[in-house]
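Q: predicted structure and sequence below. I'll ask about it afterward.
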Amino acid sequence: SLFRHALAVTKNNDIALADLGVALGAQGRLDEALGCYREAARLEAGRYQIHNNIATILDKMGKPAEALAEYREAVRLKPDLAFLRNGLGSELATLGQSDEALKEFAEAARLDPNYAWPHIETAKLFFQQGRDAEAVNELRAALRIEPDNFQILATTAHYLAANQNAAARDGHAALVLAIKANLLTGGNQPMVFDILGMAFAATGDFTNAGTCAQNALALAAAAQMKNLE
C-alpha cells in the first residue's frame, strides 16, 4: 500500500516500482511483479538490480530463455558481482549449456572466495554429468565457506544420503550435517526434516527415518505447503 501511494504522488519513480515488485513477488503475484520491474527498467535501464529481479521472476515462471537474457544484461552492467555470475550460470545450466555454466560458476567463485553458492551449483552440475567425486569436493568447499548455513548443510546432506552412486554416498556424514541443519532451524523446516529422514534411512535407521518423514509432512501441512507427494 505504501509503495502504491508513493507511485500515486510521484512521477517516474523507478525505485518505488522496483520495491512494489519485490512486495508483489513475495506474495507470489509474479505477473504483477514482472510488470512493475519492466516499467522500472523502462524508466531506468541501467540498474542491474532490476534486470536481476526480472530474471528471478522469469525463472520462477518457467521461462529460462527469457531469464537468461535478463541475467546477461545484469552481468553486462555489473560484471564483477559474484551472485549475478552465479545466477547466469544457473540459468545456463537449466538450458543445458553446461560448459558455459561452469565458466560462470568459476568466475563467481573467483570474484568472491567467501561466496559458497557457486560451489553448490557446480556440484549439482557435476552430479548430472556423473562426476560424483568432483561434486562431493565442491560440496565440501561450500561447507568450509559457510559451515553454519542450514541450506548448504541440508543440500549437502541430501546428496550424500540419496546419491544413486554408492561410491559417493555417505549416510553417516549426511546424518551429522542434517542434524546440525535441523538444530540451526529450530526443528521447524519441513524440507530439513525430510532430508534428515533420508539421512537416517541411509544409515539403516528406518524408525527415525519414518518419524522424520511424518514430522516433515506435519510441518508442511501446517504451513499449507503444496506438492506434498
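A: Ah, there it is.
Q: elements contacting the lengthiest helix in the chain?
A: When the chain is parsed with DSSP state H, its longest helix is helix 206-222. Helices and strands touching helix 206-222, by 3 or more CB pairs under 8 Å, 6 or more residues apart in numbering; DSSP states H and E, are helix 190-202. Where C-beta positions appear, they are placed from N, C-alpha and C, glycine not excepted.
Q: how about the helix it packs on as CSV, C-alpha atoms only?
A: Taking C-alpha atoms only, helix 190-202 is exported to CSV below (Å, rounded to 0.1, in the frame of the first residue of the first chain):
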residue,chain,number,x,y,z
PRO,A,190,9.8,-29.4,6.7
MET,A,191,12.4,-29.8,3.9
VAL,A,192,15.2,-30.2,6.5
PHE,A,193,13.2,-32.8,8.4
ASP,A,194,12.6,-34.6,5.1
ILE,A,195,16.4,-34.7,4.4
LEU,A,196,17.1,-35.8,8.0
GLY,A,197,14.7,-38.7,7.3
MET,A,198,16.7,-39.6,4.2
ALA,A,199,19.9,-39.5,6.2
PHE,A,200,18.5,-41.8,8.9
ALA,A,201,17.4,-44.2,6.2
ALA,A,202,20.8,-44.1,4.6
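Q: tell me what that helix is packed against?
A: helix 150-162, helix 171-184, helix 206-222.
Q: tabulate those (JSON lines), appending mean pLDDT, mean neighbour count and distance to A40.
A: Shown next, in JSON lines, are these (pLDDT from 0 to 100; neighbours: other CB atoms under 10 Å; distance: least, CB to CB, whole Å):
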{"stretch": "helix 150-162", "mean pLDDT": "95", "mean neighbour count": "23", "distance to A40": "29"}
{"stretch": "helix 171-184", "mean pLDDT": "97", "mean neighbour count": "20", "distance to A40": "36"}
{"stretch": "helix 206-222", "mean pLDDT": "95", "mean neighbour count": "15", "distance to A40": "35"}
